[in-house]
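Participant: Provided below are the primary sequence and the corresponding predicted coordinates.
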Amino acid sequence: MTKNLQYFQDKTTQEVLSQIKAENNNSFITVNEEITSTDKLIAIKDIHVSTNLPTTVASEVLRGFVAGYDSHVVSALKKNGYQIVGTTNMDEFAMGGSNLNTPFGEVSNVFNEDNIAGGSSGGSAYAVAKGLVPVATGTDTGGSVRQPAALNGIYGYKPSYGLISRYGTVAFASSFDTVGVLANDLDDVIAVSSDLITPDHHDTTSFIPEGFTLEKFKDEDLSKYKVAIISEFEEIECDQETTAKYEAAKQQIRDLGIEINEVSIDTIPYTLELYVSLAYGESSSNLSRFDGIRFGQVDPENNTPFENARNLFGVEVEKRLVIGTAILSSENANKYFKQAQKIRTKMNEQFKKLFAEYDLVISPITPSTQYPKDLDVNSYAFYKGDVFTIPANLIGAPSISIPLKGVGKENPVGMQIMAEKYNDHKVFALANALKVRD
Amino acid sequence: MNIYQDKVRKIASNIQINLDDEQVEVVCAKVNDLVDKLEVLLSVDTEGYEPYITSTNQVNVFAPDEDEKITPEFLNNLNNFNGEYFTIEQVMEDD
C-alpha cells in the first residue's frame, strides 16, 4: 500500500466525513456514512453502480436509484479493502467537459471558484486536488479523466480500452468509454489501477493480455525510448503558460537521453468531427434504455413512463441525443457515420505505423490552463479543446495527464503521454521519470 | 447536413423528448452549429479503409452452419419465403 492511501489513518472516520461534508463544494453527490476505516479511502464517480450507494450519473432520470448489483469497479475495490467514501459529481451522463451540466450543483476549479473544474469527472478531480481523498475513479470517453486532472493539477490515467471492465459503469459511448483513475501521487494511480485491472467475463470487451502488468514500468530503459510529437498537435495554439511548460518538459525528456521527432497524422484535424459523429451516435442508442420502467424512479400511476423519464434529461443530453439520432437515421448513417468509422480505421492504421517506430507520443492536454465558468462550455469552440485527448479514445490507447508544474500549483499545466494499446507501462515509465513531486 | 426545426421536432418526438417551440429553436441552433462541421468528414480520402468495427483485439470465432435440414427445397415450400427472405404482414403504419 502506498503512503498516501494510508494518509488519513490518523483521523477518525467521523473527522474524515465531517471534512468532506464541509469542504466538498458540490464535488460529492453522496457521502457514505458507513465507512469503517480511514485506510485506503477512495471516492467513485457517480457512474459505477453499487448496492449500497445511489448511482445517479448526475441526472434527474436516475435520482435516488440504487442498483441490485455491484459494478466491476465497486466489487474490485471492495475485494481489495478500499473504503468507498462517496460518489462524485460529474456532467450528466458524462456528457460535457465542465461539470456545469449537473443538477447537483456546479463544481468549481480547485484553484479559482470562477473557473470550471473540467469534466466530466470534475467532482473526482476537485475532491482529489482538494485533499479530501487520496484517489478517485473517473471515466474517460474523450478526455473526461485527463482534462479535469490537468485543470486541477493532478494525475489522471486512462488505461488501454478494455483493461478495466465496464460492467456496471453506465454507458455513454461504449466503444470509447474507459474507466480511469485520478490521484495526487503517481504511485496511487498505479496501485489502484492495478487492483482494477482484473479479468471480468461480464464485459465482452474486457481483455487483459497475458503477462500484462503496470509494474513493468520499473524495468524500462528510457534511454532507448523514442518519443513522437505530432505536427497537427504542435500547430494548435496554446496559451503562454502551457507552451512554456510543455517546451520545458520536452527538454527534460531530451535530458533523459530520449530522442524526440515530429511525425504527421493527417486524420488528427478531424478528431472532433469523428467524436461527434460516433460518440453521439452511440449515446443515442445507449440512452434508449432509460425508459422510466427499468431504472430510476418509477411512477405506477403514470401512463407514459418513457416520455416522463426522458423529459428529465438536461439540455446538453437532449442536444446530443437529437444529433446522435439524426446521424444514425437511414439518410445519414451511410453518409456520415460509416465515413467516420472508415476515418477511425485510417487513424488507427496511422498510429499503428507511428508506434512501430516510436514508444510514446506527447502533447499538452488542453490549450489553456484555465477556463472561466461564463464561457459557453457546450459550444463547438470549447469542445475543440478536446482535440489532444480524443485520439487516445478513438484508437483505444493508454494515456495519462501529468501535472507539469507539480501537484498543487496554481494555473497547472497537464501534459499527455500516450502509448500503443496495452503498453500502459511505457506511459508510467516516462511519467515516473518526470515526477515533479515525490 | 442541415437540420431544420421540423426535423428536430420529428426526431425529438421519435425519441420521446418533449421540446416546446422555444426549446426547439435553442436545440436546433446548437445542433446545426455542430452538424455543419461534420461535412468536412466527406472530404477525407478513405479509399481502401473498412469501417472500424471493434475496439478490442479479440476475434470472434464462428461455428460453421451445419443445419442440413434448411435446403432450398425446404425453403421453397414455405409460403412466406420470397426467394431471399421471409415476409411478414405489415406491423407499422406508413408515416
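Facilitator: Received it, and whenever you're ready, just let me know what you need.

Participant: What helix or strand is residue A:198 located in?
Facilitator: Using DSSP states H and E, residue A:198 maps to neither a helix nor a strand.

Participant: for the residue lying closest to it once chain neighbours are set aside, helix, strand, or coil?
Facilitator: Leaving aside its chain neighbours, residue A:198 sits nearest to residue A:76 (5.9 Å; criterion: Cβ to Cβ, 6 or more residues apart in numbering or on different chains). C-beta: built from backbone N, CA, C; applies to glycine. Following DSSP: H, G, I helix; E, B strand; the rest coil, residue A:76 is assigned to helix.

Participant: hmm, who's touching the stretch of helix or strand residue A:393 belongs to?
Facilitator: Residue A:393 is part of helix A:390-395, with elements assigned from DSSP H and E. Contacting residues not belonging to helix A:390-395 are listed as A:140-143, A:158, A:161, A:176, A:178, A:265, A:268, A:271-272, A:274-275, A:344, A:347-348, A:351, A:397-399, A:416, A:418, A:421 [Cβ atoms under 8 Å, 6 or more residues apart in numbering or on different chains].

Participant: Would you mind listing what in the stretch 301-438 of chain A touches chain B?
Facilitator: For the stretch 301-438 of chain A, the residues in contact with chain B (Cβ under 8 Å from any Cβ of the partner chain) are A:306-307, A:310-311, A:313, A:315, A:318-319, A:321-323, A:325-327, A:329, A:332, A:335-336, A:338-346, A:348-349, A:378-380, A:396, A:421-422.

Participant: Show only the entries of those residues found in helices.
Facilitator: A:306-307, A:310, A:315, A:318-319, A:321-323, A:325-327, A:332, A:338-346, A:348-349, A:380 (DSSP state H).

Participant: So among those, which ones count as buried?
Facilitator: Neighbour counting with 16 or more other Cβ atoms under 10 Å in any protein chain shown marks A:307, A:310, A:318-319, A:321-323, A:325-327, A:332, A:339-346, A:348 as buried within these.

Participant: in stretch A:229-242, what's buried?
Facilitator: A:229-230, A:232-233, A:236, A:238, A:241-242.

Participant: scratch that, stretch B:11-29
Facilitator: Buried residues in stretch B:11-29, defined by neighbour count with 16+ other Cβ under 10 Å: B:11-12, B:15-17, B:19, B:24, B:26-28.

Participant: for stretch B:85-95, same thing?
Facilitator: Across stretch B:85-95, burial judged by 16+ other Cβ under 10 Å covers no residue at all.

Participant: if you average pLDDT over it, what comes out?
Facilitator: Computed over stretch B:85-95, the mean pLDDT rounds to 79.

Participant: Could you do stretch A:269-285 as well?
Facilitator: Stretch A:269-285 carries an average pLDDT of 94.

Participant: what separates it from the chain centre, distance-wise?
Facilitator: On the basis of Cα atoms, centre = their mean, to the nearest Å, stretch A:269-285 sits 17 Å off its chain's mean C-alpha point.

Participant: do the same with stretch A:337-357
Facilitator: Here stretch A:337-357 is found 22 Å from its chain centre; the criterion is Cα atoms, centre = their mean.

Participant: how about the CA coordinates for it, as PDB?
Facilitator: Written as PDB, here are the backbone C-alpha positions of stretch A:337-357 (Å, rounded to 0.1, in the frame of the first residue of the first chain):
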ATOM      1  CA  PHE A 337     -21.500   7.500 -39.500                       C
ATOM      2  CA  LYS A 338     -20.000   5.000 -41.900                       C
ATOM      3  CA  GLN A 339     -17.500   7.500 -43.300                       C
ATOM      4  CA  ALA A 340     -16.500   8.400 -39.700                       C
ATOM      5  CA  GLN A 341     -15.900   4.800 -38.900                       C
ATOM      6  CA  LYS A 342     -13.600   4.500 -42.000                       C
ATOM      7  CA  ILE A 343     -11.600   7.500 -40.900                       C
ATOM      8  CA  ARG A 344     -11.400   5.900 -37.400                       C
ATOM      9  CA  THR A 345      -9.800   2.800 -39.100                       C
ATOM     10  CA  LYS A 346      -7.500   5.100 -41.000                       C
ATOM     11  CA  MET A 347      -6.400   6.900 -37.800                       C
ATOM     12  CA  ASN A 348      -5.800   3.600 -36.100                       C
ATOM     13  CA  GLU A 349      -3.600   2.400 -39.000                       C
ATOM     14  CA  GLN A 350      -1.600   5.700 -38.900                       C
ATOM     15  CA  PHE A 351      -1.000   5.400 -35.200                       C
ATOM     16  CA  LYS A 352       0.000   1.700 -35.700                       C
ATOM     17  CA  LYS A 353       2.700   2.800 -38.100                       C
ATOM     18  CA  LEU A 354       3.800   5.600 -35.700                       C
ATOM     19  CA  PHE A 355       4.100   3.200 -32.700                       C
ATOM     20  CA  ALA A 356       6.100   0.700 -34.800                       C
ATOM     21  CA  GLU A 357       8.900   3.300 -34.700                       C
END
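
Participant: what's next to that stretch, contact-wise?
Facilitator: Residues outside stretch A:337-357 that contact it (Cβ under 8 Å, 6+ apart): A:226, A:228, A:263, A:265-268, A:270, A:273-274, A:277-278, A:281, A:327-328, A:361, A:391, A:394-395, A:397, A:419-420, A:423, B:41-42, B:44, B:46, B:49-53.

Participant: and those, which are buried?
Facilitator: Buried members of those, counted by 16+ other Cβ under 10 Å: A:228, A:263, A:265, A:267-268, A:270, A:273-274, A:277-278, A:281, A:327-328, A:361, A:391, A:394-395, A:397, A:419-420, A:423, B:41, B:44, B:46, B:49, B:52.

Participant: In strands, which of these fall?
Facilitator: Members of these lying in strands (criterion: DSSP state E): A:228, A:263, A:361, A:419.

Participant: ok, the residue nearest to the spatial centre of chain A - contacts?
Facilitator: Centroid-nearest residue in chain A: residue A:145, 2.2 Å away (criterion: Cα atoms, centre = their mean). Contact analysis of residue A:145 by Cβ under 8 Å, 6+ apart lists A:121, A:124, A:138-139, A:156-158, A:178, A:180-182, A:401.
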